[in-house]
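**Student:** I would like to see how this sequence folds:
(chains A and B)
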Amino acid sequence: MAAVEETVEQVRRVGADQYKYGFITDIESDLAPKGLSEEVIRFISAKKDEPEWMLEWRLEAYRRWLTMTEPKWARVDYPAIDYQDLYYYAAPKSTAGPKSLDEVDPELLRTYEKLGIPLHEREILAGVERPEGEERPRVAVDAVFDSVSVATTFKEELKKSGVIFCPISEALREHPELVRKYLGTVVPTSDNYFATLNSAVFSDGSFVYIPPGVRCPMELSTYFRINEKNTGQFERTLIIADRGSYVSYLEGCTAPKRDENQLHAAVVELVALDDAEIKYSTVQNWYPGDENGKGGIYNFVTKRGDCRGANSKISWTQVETGSAITWKYPSCVLRGDNSRGEFYSIAISNGRQQVDSGTKMIHLGKGTTSRIISKGISAGRSSNAYRGLVSAHRKAEGARNFTNCDSLLIGDACSAHTIPYIEAKNPSCVFEHEATTSKISEDVLFYCMQRGLSQEDATALVVNGFVRDVLQQLPMEFAVEAQKLISVSLEGSVG
Amino acid sequence: MGNAPTTPARKLTDAEARLAEIFAMQQSAGAPQLAKLRTAAFDAFSKTGLPNRRDEAWKYTDLRALLRDVKPLAAPPEESAKQHARNAATLTGVASRRVVFVGGYFAPALSDLADLEAGLSVMSLSEALAKGDAAAMTQIGNVGEVDDPAFALNTAFMGEGVVIRVGAGVCVDRPIQLVFVAGAQPATYFLRSLVIVEKGARATLIESFEGETAQEYHVNAATEVVLEEGASLERLKISHEGAAAMHVSTFVASLAAGALLSDFGLNLGGAVLRNQSFININGPGAHAAMRGANILKGKEHADATLFLDHAAERSESKALFKSVLDDSSQAVFQGKILVRPGAQKTDARMMARTLLLSEGAQANCKPELEIFADDVQCAHGSTVGALDENLIFYLMARGIPQAEAQSLLTEAFVGEVIDAVENRSVRDALSALVSERLRTQ
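**Tutor:** As a prediction, this is how the structure comes out:
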């Protein structure tokens, strides 16, 4: 009995401390007036020095949003969000005016250092060790702090190959024609409740344009940090890969531990033209709340990629360990003939987390193919749902999909759900779906423990084996972090 | 912020208004039996109205759009209809005990209720209610908790059907076949049956629906089955409705410890067909095998919706559904496996396969898992595709003409579901039905 109690105690302690990015940066912020109104939207637009058409675009979205109701179909349960009790814009005061890297507030630099994100170009992402002599991979970082981008590295070097990588607010000023041509063409302002809200109030995010035939010389990444109290983060990312280009983009995110819930409603739009390829990887590690479900980020995200050109390819890879609520369905619209969509996901929920995530593969063009590999792991008292749609339209001749979604349950107070929709309107399509749910086999655990592994190590080993298919898809730099995250997130779930 | 749930009074569709009218008429014509149950059911229906595509369970079969008008409740059939029903053809090769209903009314002259096996009781629903059969009175509508508008309508309007009771330990070898023959005139039939299989008893139940008329008629059928401890039932349902008919059927079953249910539904015709099953596995060690096949042509639409509720330990369920879709027909499969907290060691497997034979055919599939217990094995799978070119080539290379090769492969595809039917004479009759249907263009 004593041993059991000890374990329970240990679990309790670990549970409370395991989120190591929960610190708060003490920095003075410039806030928009609390609440949401046309004035606040004008305020945000003015802060960003946006063209008139952009303001109109935002206001139109806002007026539409007022007529919409919050969707209730997801398997998540949360108290009503008071949209007037939020700050829609928060920026560290010190960021006013454009600055070079050397001028960024040292307090901010320290924050990112603590998070393992280097904002000096000579450094590399923490946690990656390479043998002596081997060239270290370089990663360009756009660091978004609350509502603004505080620094973007390697901009000059990227410019040499014609790649545009900058905060979207800067893109609106410097490349308005590109932004106007593509913004809202993948996720229209009317798409859904949260996307419409984002369209009205989005602040910063990254803009990427890869010119025809260019293979982006380094990985691009954006690191999102929510810091200020009572704020929501509404970033907007737009990535365009022109004909025959290639880009790999990474996204990471963390937030401080706070008792109240914070809203994060992002929109990500990807456009791949003929023969282009976009690889989009996310390690989502927002604060998940404490073990009683207090605090944590509400993550309502709309991510969609449009394979607009023939032979284009978009691949989503995600490792989801954070957020109190995750509502997110990175999707691919396979419009171009022979285009390809991929979705690899690991969603881990612990404590009181609620995950409703999945993907949509919409086959419109001929010979389009897609693959979905989703692994859900629920522990503690969490709920983890995979929700997905695979559809083939009448003209999607020869469309092909393979879906595999597996769930693993750890403990008897959690739940796992699988809700796939398969809609085929073309006789030549081939869709295959398989899903399983099971628990970690006691035989396997026993086998490992008999060889001297502790129960937690054994569980981590089994879990890592379970999610290996997905981890292999992550760029090296993130795979290391993701592997660590998985063990952190599951710590304390055995006992 | 504009999020307050607003429920503006919706304008009733013509069909809904007509249903309310008929219900009021039914009530004023003197309180029918089970008046309380009926009123509660109609109230429940009125709250939601006819289900539409915004109702998750009816997403792919929008009844509000499909049911434009309500045909009048069936009137007693004419003699000619009864004569015609003598030729009811479904499964004539099976030596079953036939209980025949013509145009929604029990036809004793066509039925065979003589020399019932000891321990078996078969009674028409109207007779059971008139007699005040206690079991019928308490069990009807209470076999499982089903929150569904079509089932609620059936409860509100239930007309005729049977009440069958198989006494404890009794094994009834001869299949009992309920034959429902539609009348010649457009009408709405509300059919309701209750089957109680007591402890350790065993029986085979066949429900066949047929109609020859090209007129539009509507069938709303419901069968409730209670399987007591260790009881076993094989149920087969064959829908071979008229070309313009709409058929919605609800199957509710509750399984006690160690009970065995084997269910097979075959859809061979009808404009709109929906079979929905709600299987409540309440006893440990119970086993449910659910199978279905659709062979559709023209613009036919068939929907199989299955809800398997595992509420007890060590229970098992296996589901296998196959569809063959030709022309611009449409098949829907929605299956949900729910494993409740504490239902450890559940083993649930579900598979849906669809074969698309033509350009306009369409398949929608939604197999769901909802798991609240950790020591379980659950899996589901779904495939959609055309016939394998390589297999056709293989057969053609051996001198089999293309059309023949295709129908051979299609038959084999459907065969897998039929092979699992236990009763041999029924299985042979079903195979014959299927190959006939596949070979007629």
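**Student:** how about stretch A:439-455: buried residues?
**Tutor:** A:439, A:440, A:445, A:448 (16 or more other C-beta atoms under 10 Å in any protein chain shown). C-beta here means a position set from N, CA and C on the backbone, and glycine is covered the same way.
**Student:** If residue 280 is in a bridge, with which residues?
**Tutor:** Answering for chain A, as no chain was given. Taking DSSP bridges as the rule, residue A:280 bridges to residue A:249, residue A:316.
**Student:** Chain B, not that one
**Tutor:** Counting by DSSP bridges, the residues bridging with residue B:280 are residue B:254, residue B:309.
**Student:** where does the chain dip in pLDDT?
**Tutor:** Here I'm looking at chain A. Along chain A, the model assigns pLDDT under 70 to residues A:1-18, A:94-103, A:118-137, A:476-478, A:481, A:487-495.
**Student:** try chain B instead
**Tutor:** B:1-9, B:30-32, B:89, B:441.
**Student:** Find the centremost residue of chain A, please.
**Tutor:** With distances taken as C-alpha atoms, centre = their mean, residue A:282 lies nearest the centre of chain A, 4.6 Å away.
**Student:** my guess is that residue contacts residue A:322, does it?
**Tutor:** No. Residue A:282 lies out of contact with residue A:322 (C-beta atoms under 8 Å); the separation is 10.7 Å.
**Student:** element containing the residue nearest to the centre of chain A, please.
**Tutor:** Assigned by DSSP states H and E, residue A:282 belongs to strand A:277-284.
**Student:** so how far is residue A:323 from the residue nearest to the centre of chain A?
**Tutor:** Per C-beta to C-beta, to the nearest Å, residue A:282 is found 12 Å from residue A:323.
**Student:** next one: residue B:207
**Tutor:** 49 Å.
**Student:** out of these two, which sits in the more crowded spot?
**Tutor:** Using other C-beta atoms under 10 Å in any protein chain shown as the criterion, residue B:207 and residue A:323 rank with residue A:323 on top: 30 against 25.
**Student:** The residue nearest to that one when sequence neighbours are not counted sits in which helix or strand?
**Tutor:** Distances taken as C-beta to C-beta, 6 or more residues apart in numbering or on different chains place residue A:299 nearest to residue A:323, at 4.0 Å, with adjacent residues excluded. Applying DSSP H and E as the criterion places residue A:299 in strand A:296-307.
**Student:** Report all helices and strands that that strand contacts.
**Tutor:** In terms of contacts (3 or more C-beta pairs under 8 Å, 6 or more residues apart in numbering or on different chains; DSSP states H and E), strand A:296-307 is packed against helix A:193-201, strand A:261-264, strand A:267-272, strand A:277-284, strand A:313-320, strand A:325-328, strand A:331-334, strand A:340-349.
**Student:** Can I get it as CSV, trimmed to CA atoms?
**Tutor:** C-alpha atoms of strand A:296-307 as CSV (Å, rounded to 0.1, in the frame of the first residue of the first chain):
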residue,chain,number,x,y,z
GLY,A,296,-4.6,26.3,-19.9
ILE,A,297,-5.0,27.5,-23.5
TYR,A,298,-8.1,27.0,-25.6
ASN,A,299,-6.6,26.2,-29.0
PHE,A,300,-9.1,26.7,-31.8
VAL,A,301,-7.1,26.6,-35.0
THR,A,302,-8.0,26.4,-38.7
LYS,A,303,-5.2,25.1,-40.8
ARG,A,304,-5.6,24.3,-44.4
GLY,A,305,-3.4,23.7,-47.4
ASP,A,306,-4.4,24.1,-51.0
CYS,A,307,-2.6,21.9,-53.5
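**Student:** returning to what we had before: got any residues that touch both of residue A:282 and residue A:322?
**Tutor:** Contact criterion C-beta atoms under 8 Å, 6 or more residues apart in numbering or on different chains; residues shared by residue A:282 and residue A:322: none found.
**Student:** and stretch B:46-53, does that touch chain A?
**Tutor:** No. Between stretch B:46-53 and chain A, judged by C-beta under 8 Å from any C-beta of the partner chain, nothing touches; the nearest distance is 12.6 Å.
**Student:** got the end-to-end distance for that stretch?
**Tutor:** Stretch B:46-53 has an end-to-end distance of 17 Å (C-alpha to C-alpha, to the nearest Å).
**Student:** quick one: buried residues of it?
**Tutor:** B:46, B:49, B:50, B:51, B:52.
**Student:** Tell me which of those residues fall in helices.
**Tutor:** Counted as lying in helices by DSSP state H, out of these, are residue B:46.
**Student:** Could you dump the buried residues of stretch B:46-53 into TSV with distance to residue B:325 added?
**Tutor:** Below are the buried residues of stretch B:46-53 laid out as TSV (distance: C-beta to C-beta, whole Å):
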residue	distance to residue B:325
B:46	35
B:49	30
B:50	26
B:51	23
B:52	23
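**Student:** that older thread, now the angle between strand A:267-272 and the strand holding residue A:282, please.
**Tutor:** Taking axes from the mean of the first three to the mean of the last three C-alpha atoms, to 10 degrees, one finds that strand A:277-284 is oriented at 160 degrees with respect to strand A:267-272.
**Student:** Now do strand A:277-284 against strand A:296-307, angle only.
**Tutor:** Here the directions of strand A:277-284 and strand A:296-307 differ by 170 degrees (the same axes, to 10 degrees).
**Student:** what's next to strand A:277-284, contact-wise?
**Tutor:** A:239, A:241, A:245-253, A:268, A:270, A:272, A:299, A:303, A:305, A:312-323, A:326, A:330, A:473-475, A:478, A:481-482, A:485.
**Student:** from the stretch 201-350 of chain B, which residue is nearest to chain A?
**Tutor:** Among the residues of the stretch 201-350 of chain B, residue B:341 lies closest to chain A, at 7.2 Å counting by C-beta to the nearest C-beta.
**Student:** right, and that residue touches residue B:372 too?
**Tutor:** Yes. When contacts are counted by C-beta under 8 Å, residue B:341 is listed as touching residue B:372 (4.5 Å).
**Student:** who's more crowded, the two?
**Tutor:** Counted by other C-beta under 10 Å, residue B:341 and residue B:372 do not tie: residue B:372 has more neighbours, with 20 against 13.
**Student:** Isn't that one up against residue B:340?
**Tutor:** Yes. Under the criterion of C-beta under 8 Å, residue B:372 makes contact with residue B:340 at 5.7 Å.
**Student:** chain center to the strand holding residue A:299: distance?
**Tutor:** Centre-to-centre, strand A:296-307 and its host chain are 7 Å apart (C-alpha atoms, centre = their mean, to the nearest Å).
**Student:** One more: stretch A:371-391?
**Tutor:** 15 Å.
**Student:** Check stretch B:109-129 too.
**Tutor:** With C-alpha atoms, centre = their mean as the basis, stretch B:109-129 stands 22 Å off its chain's centre.
**Student:** For the stretch 251-400 of chain A, what lies in contact range of chain B?
**Tutor:** So far as C-beta under 8 Å from any C-beta goes, the stretch 251-400 of chain A lies against chain B at residue A:394.
**Student:** Spell out the secondary structure type for residue 150.
**Tutor:** By default, I'm working from chain A. strand (DSSP: H, G, I helix; E, B strand; the rest coil).
**Student:** Wait, chain B was what I had in mind.
**Tutor:** At residue B:150 the chain is in helix, as set by three-state DSSP.
**Student:** Pull the number of nearby residues for it.
**Tutor:** With other C-beta under 10 Å as criterion, residue B:150 counts 23.
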